[in-house]
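>>> I'll drop the sequence and a predicted model, then ask my questions.
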Amino acid sequence: MTNNPFGRMITAMVTPMHDDGSIDYDGVAALATHLADNGHDGLVVNGTTGESATTTDEENVATVRAVVDAVGDRVRVTAGVGTNDTAHSVAAATAMVDAGAHNVLVVTPYYNKPPQAGIVEHVRAIAAAADVPVMLYDIPGRSGIPLEPDTIRQLAQIPQVRAMKDAKADLYASSQLMADTDLLWFSGDDVLALPWLAIGAVGHVAVTGHVAGPQFAAMIAAVDRGDLVEARRIHTQLVPIMNAIMTVTQGVIMAKAALKIQGVIKSDFCRLPLLPATDEQRTIVRDALHEAGLS
(Lines give C-alpha, C1' and ligand atoms only; values in the text may rest on other atoms or scores of the structure.)
Protein backbone atom coordinates (compact mmCIF):
# COMPACT_ATOMS: atom_id res chain seq x y z
CA MET A 1 0.00 0.00 0.00
CA THR A 2 2.75 2.43 -0.98
CA ASN A 3 0.13 4.81 -2.37
CA ASN A 4 -1.76 4.93 0.93
CA PRO A 5 -0.86 8.06 2.94
CA PHE A 6 -3.14 7.23 5.89
CA GLY A 7 -1.93 3.86 7.18
CA ARG A 8 -4.08 0.76 7.40
CA MET A 9 -4.63 0.01 11.10
CA ILE A 10 -5.88 3.32 12.42
CA THR A 11 -7.58 4.19 15.69
CA ALA A 12 -9.68 7.29 16.18
CA MET A 13 -7.91 8.35 19.35
CA VAL A 14 -9.61 9.46 22.54
CA THR A 15 -8.33 12.67 24.07
CA PRO A 16 -6.95 11.95 27.55
CA MET A 17 -8.06 14.49 30.14
CA HIS A 18 -7.40 15.23 33.77
CA ASP A 19 -10.20 14.78 36.30
CA ASP A 20 -10.85 18.54 36.14
CA GLY A 21 -11.60 18.30 32.40
CA SER A 22 -8.40 19.90 31.13
CA ILE A 23 -6.53 18.02 28.42
CA ASP A 24 -3.65 15.85 29.61
CA TYR A 25 -1.14 16.54 26.86
CA ASP A 26 1.47 14.24 28.40
CA GLY A 27 -1.26 11.61 28.40
CA VAL A 28 -2.02 12.37 24.75
CA ALA A 29 1.61 11.75 23.81
CA ALA A 30 1.77 8.61 25.95
CA LEU A 31 -1.40 7.18 24.42
CA ALA A 32 -0.19 7.91 20.89
CA THR A 33 3.08 6.17 21.69
CA HIS A 34 1.23 3.19 23.17
CA LEU A 35 -0.88 2.85 20.03
CA ALA A 36 2.14 3.21 17.74
CA ASP A 37 3.83 0.45 19.74
CA ASN A 38 0.77 -1.78 19.43
CA GLY A 39 -0.21 -2.45 15.85
CA HIS A 40 -0.97 1.02 14.51
CA ASP A 41 0.47 2.75 11.45
CA GLY A 42 -2.09 5.56 11.55
CA LEU A 43 -4.06 7.65 14.04
CA VAL A 44 -7.05 9.97 13.76
CA VAL A 45 -6.84 12.87 16.20
CA ASN A 46 -9.69 15.24 17.12
CA GLY A 47 -12.39 13.04 15.66
CA THR A 48 -15.73 12.26 17.28
CA THR A 49 -14.02 9.77 19.59
CA GLY A 50 -11.60 12.54 20.53
CA GLU A 51 -14.58 14.56 21.81
CA SER A 52 -14.14 17.18 19.11
CA ALA A 53 -17.62 18.52 19.84
CA THR A 54 -16.37 19.89 23.16
CA THR A 55 -12.71 20.71 22.51
CA THR A 56 -11.56 24.15 21.38
CA ASP A 57 -9.66 25.02 18.23
CA GLU A 58 -6.61 25.83 20.32
CA GLU A 59 -6.82 22.52 22.16
CA ASN A 60 -7.18 20.65 18.87
CA VAL A 61 -4.02 22.22 17.45
CA ALA A 62 -2.10 21.48 20.65
CA THR A 63 -3.33 17.86 20.59
CA VAL A 64 -2.20 17.39 17.00
CA ARG A 65 1.18 18.87 17.86
CA ALA A 66 1.56 16.54 20.86
CA VAL A 67 0.76 13.47 18.75
CA VAL A 68 3.01 14.50 15.86
CA ASP A 69 5.89 15.27 18.21
CA ALA A 70 5.46 11.87 19.88
CA VAL A 71 4.92 9.55 16.92
CA GLY A 72 4.76 11.55 13.70
CA ASP A 73 7.87 9.83 12.40
CA ARG A 74 6.27 6.39 12.90
CA VAL A 75 2.56 6.71 12.09
CA ARG A 76 0.45 8.82 9.79
CA VAL A 77 -1.52 11.44 11.70
CA THR A 78 -4.93 12.41 10.33
CA ALA A 79 -6.66 15.37 11.97
CA GLY A 80 -10.42 15.66 12.17
CA VAL A 81 -11.29 19.08 10.78
CA GLY A 82 -14.89 18.74 9.62
CA THR A 83 -17.63 20.91 11.12
CA ASN A 84 -20.95 22.21 9.79
CA ASP A 85 -19.33 25.59 9.02
CA THR A 86 -17.11 25.61 5.95
CA ALA A 87 -15.11 28.68 6.97
CA HIS A 88 -14.46 27.18 10.41
CA SER A 89 -13.39 23.87 8.83
CA VAL A 90 -11.03 25.64 6.43
CA ALA A 91 -9.38 27.51 9.30
CA ALA A 92 -9.14 24.31 11.38
CA ALA A 93 -7.62 22.36 8.51
CA THR A 94 -5.01 25.03 7.85
CA ALA A 95 -4.08 25.27 11.53
CA MET A 96 -3.83 21.50 12.08
CA VAL A 97 -1.74 20.95 8.96
CA ASP A 98 0.53 23.77 10.12
CA ALA A 99 0.80 21.88 13.44
CA GLY A 100 2.07 18.83 11.58
CA ALA A 101 -0.97 16.73 10.62
CA HIS A 102 -0.21 14.61 7.56
CA ASN A 103 -3.85 14.32 6.43
CA VAL A 104 -7.33 15.58 7.31
CA LEU A 105 -10.63 13.81 7.98
CA VAL A 106 -13.76 15.64 6.78
CA VAL A 107 -17.14 14.49 8.07
CA THR A 108 -20.34 15.30 6.23
CA PRO A 109 -21.61 18.61 7.65
CA TYR A 110 -24.03 17.78 10.43
CA TYR A 111 -27.32 19.23 11.68
CA ASN A 112 -27.87 21.87 8.97
CA LYS A 113 -28.37 19.16 6.29
CA PRO A 114 -26.84 20.93 3.27
CA PRO A 115 -27.70 19.92 -0.30
CA GLN A 116 -25.32 17.46 -1.89
CA ALA A 117 -23.87 20.20 -4.11
CA GLY A 118 -23.09 22.20 -0.96
CA ILE A 119 -21.23 19.23 0.49
CA VAL A 120 -19.08 19.03 -2.63
CA GLU A 121 -18.14 22.71 -2.37
CA HIS A 122 -17.54 22.36 1.39
CA VAL A 123 -15.03 19.57 0.82
CA ARG A 124 -13.48 21.36 -2.15
CA ALA A 125 -12.79 24.44 -0.04
CA ILE A 126 -11.22 22.42 2.79
CA ALA A 127 -9.13 20.34 0.39
CA ALA A 128 -7.79 23.43 -1.37
CA ALA A 129 -6.88 25.12 1.91
CA ALA A 130 -5.27 22.10 3.54
CA ASP A 131 -3.65 20.71 0.38
CA VAL A 132 -2.94 17.35 2.02
CA PRO A 133 -4.69 14.00 1.49
CA VAL A 134 -8.34 14.11 2.55
CA MET A 135 -10.33 11.21 4.00
CA LEU A 136 -14.08 11.64 3.70
CA TYR A 137 -16.26 10.41 6.56
CA ASP A 138 -19.74 9.17 5.70
CA ILE A 139 -21.73 8.56 8.88
CA PRO A 140 -25.37 9.56 8.36
CA GLY A 141 -26.35 8.23 11.78
CA ARG A 142 -24.47 11.17 13.29
CA SER A 143 -24.42 13.75 10.51
CA GLY A 144 -28.08 13.36 9.60
CA ILE A 145 -27.38 13.16 5.86
CA PRO A 146 -25.58 10.55 3.76
CA LEU A 147 -23.14 11.12 0.96
CA GLU A 148 -25.06 10.05 -2.13
CA PRO A 149 -23.25 7.81 -4.66
CA ASP A 150 -23.06 10.54 -7.32
CA THR A 151 -21.72 12.95 -4.71
CA ILE A 152 -18.96 10.50 -3.80
CA ARG A 153 -18.07 10.15 -7.48
CA GLN A 154 -17.82 13.95 -7.75
CA LEU A 155 -15.76 14.21 -4.58
CA ALA A 156 -13.39 11.53 -5.86
CA GLN A 157 -12.45 13.89 -8.69
CA ILE A 158 -10.99 16.43 -6.25
CA PRO A 159 -7.23 15.73 -6.35
CA GLN A 160 -6.70 15.84 -2.59
CA VAL A 161 -9.65 13.53 -1.82
CA ARG A 162 -8.04 10.14 -1.47
CA ALA A 163 -10.08 8.00 0.89
CA MET A 164 -13.43 7.19 2.45
CA LYS A 165 -14.13 6.21 6.04
CA ASP A 166 -17.41 4.37 5.61
CA ALA A 167 -19.78 4.07 8.55
CA LYS A 168 -22.94 3.77 6.46
CA ALA A 169 -22.96 -0.07 6.55
CA ASP A 170 -24.14 -0.50 2.95
CA LEU A 171 -21.46 -2.88 1.74
CA TYR A 172 -23.02 -3.53 -1.66
CA ALA A 173 -23.47 0.14 -2.60
CA SER A 174 -19.94 0.88 -1.46
CA SER A 175 -18.51 -2.05 -3.41
CA GLN A 176 -19.88 -0.39 -6.54
CA LEU A 177 -18.22 2.90 -5.57
CA MET A 178 -14.92 1.11 -4.92
CA ALA A 179 -15.11 -0.10 -8.53
CA ASP A 180 -16.15 3.31 -9.89
CA THR A 181 -13.50 5.42 -8.10
CA ASP A 182 -9.87 5.14 -7.03
CA LEU A 183 -10.68 6.08 -3.43
CA LEU A 184 -9.01 4.09 -0.67
CA TRP A 185 -11.84 2.56 1.34
CA PHE A 186 -11.70 2.18 5.13
CA SER A 187 -14.08 0.40 7.45
CA GLY A 188 -15.53 2.91 9.88
CA ASP A 189 -17.37 0.36 11.99
CA ASP A 190 -15.55 -2.06 14.29
CA VAL A 191 -18.13 -4.84 14.06
CA LEU A 192 -18.00 -4.76 10.25
CA ALA A 193 -14.23 -4.51 9.85
CA LEU A 194 -13.89 -8.07 8.55
CA PRO A 195 -16.69 -7.81 5.95
CA TRP A 196 -15.29 -4.50 4.72
CA LEU A 197 -11.79 -5.92 4.38
CA ALA A 198 -13.14 -9.00 2.63
CA ILE A 199 -14.75 -6.91 -0.13
CA GLY A 200 -11.82 -4.62 -0.72
CA ALA A 201 -11.34 -2.06 2.04
CA VAL A 202 -7.64 -1.30 2.55
CA GLY A 203 -7.86 -0.72 6.27
CA HIS A 204 -9.90 0.04 9.35
CA VAL A 205 -10.48 3.16 11.46
CA ALA A 206 -11.28 1.71 14.86
CA VAL A 207 -12.43 2.60 18.34
CA THR A 208 -11.88 -0.86 19.85
CA GLY A 209 -8.38 -0.57 18.38
CA HIS A 210 -7.44 1.32 21.55
CA VAL A 211 -7.18 -2.08 23.23
CA ALA A 212 -6.98 -4.44 20.22
CA GLY A 213 -4.60 -2.81 17.77
CA PRO A 214 -2.40 -5.88 17.24
CA GLN A 215 -5.46 -8.07 16.72
CA PHE A 216 -7.01 -5.80 14.09
CA ALA A 217 -3.61 -5.47 12.39
CA ALA A 218 -3.37 -9.26 12.32
CA MET A 219 -6.88 -9.43 10.83
CA ILE A 220 -5.83 -7.07 8.03
CA ALA A 221 -2.73 -9.18 7.38
CA ALA A 222 -4.77 -12.39 7.37
CA VAL A 223 -7.18 -11.03 4.77
CA ASP A 224 -4.22 -9.85 2.67
CA ARG A 225 -2.86 -13.38 2.46
CA GLY A 226 -6.28 -14.91 1.89
CA ASP A 227 -6.49 -16.59 5.29
CA LEU A 228 -10.15 -15.94 6.09
CA VAL A 229 -10.18 -18.74 8.65
CA GLU A 230 -7.67 -16.81 10.75
CA ALA A 231 -9.42 -13.50 10.08
CA ARG A 232 -12.72 -14.98 11.31
CA ARG A 233 -10.98 -16.37 14.39
CA ILE A 234 -9.72 -12.89 15.29
CA HIS A 235 -13.13 -11.35 14.62
CA THR A 236 -14.77 -13.90 16.92
CA GLN A 237 -12.16 -13.29 19.61
CA LEU A 238 -12.91 -9.57 19.54
CA VAL A 239 -16.72 -9.84 19.60
CA PRO A 240 -16.98 -9.47 23.42
CA ILE A 241 -14.86 -6.31 23.56
CA MET A 242 -16.47 -4.82 20.44
CA ASN A 243 -19.85 -5.36 22.09
CA ALA A 244 -18.68 -3.75 25.32
CA ILE A 245 -17.11 -0.70 23.71
CA MET A 246 -19.48 -0.10 20.81
CA THR A 247 -22.98 -1.13 21.97
CA VAL A 248 -23.38 -0.24 25.67
CA THR A 249 -23.02 3.55 25.42
CA GLN A 250 -20.88 6.01 23.45
CA GLY A 251 -17.65 4.39 22.30
CA VAL A 252 -15.42 7.10 23.75
CA ILE A 253 -16.83 6.48 27.24
CA MET A 254 -16.09 2.77 27.13
CA ALA A 255 -12.75 3.15 25.33
CA LYS A 256 -11.53 5.52 28.03
CA ALA A 257 -12.74 3.12 30.70
CA ALA A 258 -10.85 0.26 29.05
CA LEU A 259 -7.67 2.30 28.74
CA LYS A 260 -7.83 3.32 32.39
CA ILE A 261 -8.38 -0.30 33.44
CA GLN A 262 -5.30 -1.25 31.45
CA GLY A 263 -3.30 1.58 33.03
CA VAL A 264 -2.69 3.36 29.72
CA ILE A 265 -4.43 6.60 30.77
CA LYS A 266 -4.81 8.04 34.26
CA SER A 267 -8.39 9.31 34.04
CA ASP A 268 -11.46 8.29 32.08
CA PHE A 269 -13.02 11.76 32.41
CA CYS A 270 -15.29 12.83 29.53
CA ARG A 271 -16.62 16.33 29.02
CA LEU A 272 -20.32 16.99 29.33
CA PRO A 273 -22.72 16.10 27.87
CA LEU A 274 -20.78 12.83 27.95
CA LEU A 275 -20.07 11.24 31.32
CA PRO A 276 -17.35 8.88 32.51
CA ALA A 277 -18.26 5.21 32.63
CA THR A 278 -20.34 4.05 35.58
CA ASP A 279 -19.10 1.32 37.88
CA GLU A 280 -21.43 -1.10 36.08
CA GLN A 281 -20.03 -0.10 32.70
CA ARG A 282 -16.46 -0.49 33.93
CA THR A 283 -17.32 -4.00 35.07
CA ILE A 284 -18.71 -4.78 31.61
CA VAL A 285 -15.48 -3.56 30.00
CA ARG A 286 -13.27 -5.41 32.47
CA ASP A 287 -15.14 -8.67 31.91
CA ALA A 288 -15.05 -8.22 28.11
CA LEU A 289 -11.29 -7.56 28.14
CA HIS A 290 -10.84 -10.78 30.05
CA GLU A 291 -13.15 -12.78 27.75
CA ALA A 292 -11.33 -11.46 24.66
CA GLY A 293 -7.93 -12.28 26.13
CA LEU A 294 -6.95 -8.63 26.37
CA SER A 295 -6.70 -8.17 30.13
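The structure has been received and is ready for your questions. Numbers count the residues shown, from 1 in each chain.

>>> Going by residue numbers, what spans are helices in the stretch 151-295 of the chain?
Ranges of helices within the stretch 151-295 of the chain are 171-180, 193-198, 209-224, 228-247, 251-261, 279-291, based on DSSP state H, counting those that start in this stretch.

>>> From what I see, residue 187 and residue 207 are in contact.
No: counting by C-beta atoms under 8 Å, residue 187 does not reach residue 207; the two are 11.4 Å apart. Heads up, the C-betas are built off the backbone N, CA and C, glycines and all.

>>> Looking at the helices of the stretch 151-295 of the chain, which is nearest to residue 14?
Among these, helix 251-261 comes nearest to residue 14, with 5.3 Å by C-beta to C-beta.

>>> Which positions in that closest one come out as buried?
251-261 (16 or more other C-beta atoms under 10 Å).

>>> for stretch 228-236, same thing?
Buried residues in stretch 228-236, counted by 16+ other C-beta under 10 Å: 231, 234-235.

>>> can you list those in TSV and add distance to residue 112 and pLDDT?
TSV is the format used below for those (distance: C-beta to C-beta, whole Å; pLDDT from 0 to 100):
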residue	distance to residue 112	pLDDT
231	40	98
234	40	98
235	37	98
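
>>> Low-confidence stretches in the chain?
Within the chain, the stretches with pLDDT under 70 are 1-2.

>>> what about stretch 172-189, start to end distance?
15 Å (C-alpha to C-alpha, to the nearest Å).

>>> Residues contacting that stretch, please?
4, 6, 10, 135-139, 149, 152-153, 156, 161-169, 193, 196-197, 199-205 (C-beta atoms under 8 Å, 6 or more residues apart in numbering).

>>> quick one: the strands in the chain?
All strands of the chain, identified by DSSP state E, fall at 9-12, 42-45, 76-80, 103-107, 134-138, 161-166, 184-187, 203-206.

>>> Any idea which of these gets closest to residue 126?
Across these, residue 126 has its closest neighbour in strand 103-107 (5.5 Å, C-beta to C-beta).

>>> Neighbouring strands of that closest one in the sheet, and parallel or not?
strand 76-80 (parallel), strand 134-138 (parallel) (DSSP bridges).

>>> how about the ones you listed in JSON lines, adding distance to residue 52 and mean neighbour count?
Formatted as JSON lines, the strands paired with strand 103-107 follow (distance: least, C-beta to C-beta, whole Å; neighbours: other C-beta atoms under 10 Å):
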{"stretch": "strand 76-80", "distance to residue 52": "5", "mean neighbour count": "28"}
{"stretch": "strand 134-138", "distance to residue 52": "12", "mean neighbour count": "25"}
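
>>> need the contact list for the residue nearest to the spatial centre of the chain.
What sits nearest the mean C-alpha location of the chain, by C-alpha atoms, centre = their mean, is residue 12, with 3.1 Å. Residue 12 is in contact with 44, 47-50, 80, 205-207, counting by C-beta under 8 Å, 6+ apart.

>>> just the residues you listed now: which is nearest residue 145?
So of the contacts of residue 12, ranked by how close each gets to residue 145 (C-beta to C-beta), first place is residue 48, at 15.8 Å.

>>> Pretty sure the closest one sits against residue 105.
No: counting by C-beta under 8 Å, residue 105 is not a contact partner of residue 48; they are 9.7 Å apart.

>>> More neighbours: which of these two?
Per other C-beta atoms under 10 Å, whichever of residue 48 and residue 105 has more neighbours is residue 105, with 27 against 22.

>>> just to revisit the earlier point, ok, what's across the strand from the residue nearest to the centre of the chain?
Assigned bridge partners for residue 12, using DSSP bridges, are residue 44.

>>> Residue 172 versus that one, what's the distance?
25 Å (C-beta to C-beta, to the nearest Å).

>>> what's the answer for residue 106, then?
Residue 106 is 24 Å from residue 172, by C-beta to C-beta.

>>> Same check on residue 95?
Taken as C-beta to C-beta, the span from residue 95 to residue 172 is 39 Å.

>>> Out of the two, name the residue with the larger neighbour count.
Shown here are residue 95 and residue 172; by other C-beta under 10 Å, residue 95 has more neighbours (18 against 7).

>>> Now that one. Nearest residue, chain neighbours left out?
Using C-beta to C-beta, 6 or more residues apart in numbering and skipping residues adjacent in sequence, the residue nearest residue 95 is residue 61, 5.1 Å away.

>>> Between the buried residues of helix 251-261, which sits nearest residue 22?
Ranked by distance to residue 22 (C-beta to C-beta), these are led by residue 256 at 15.0 Å.
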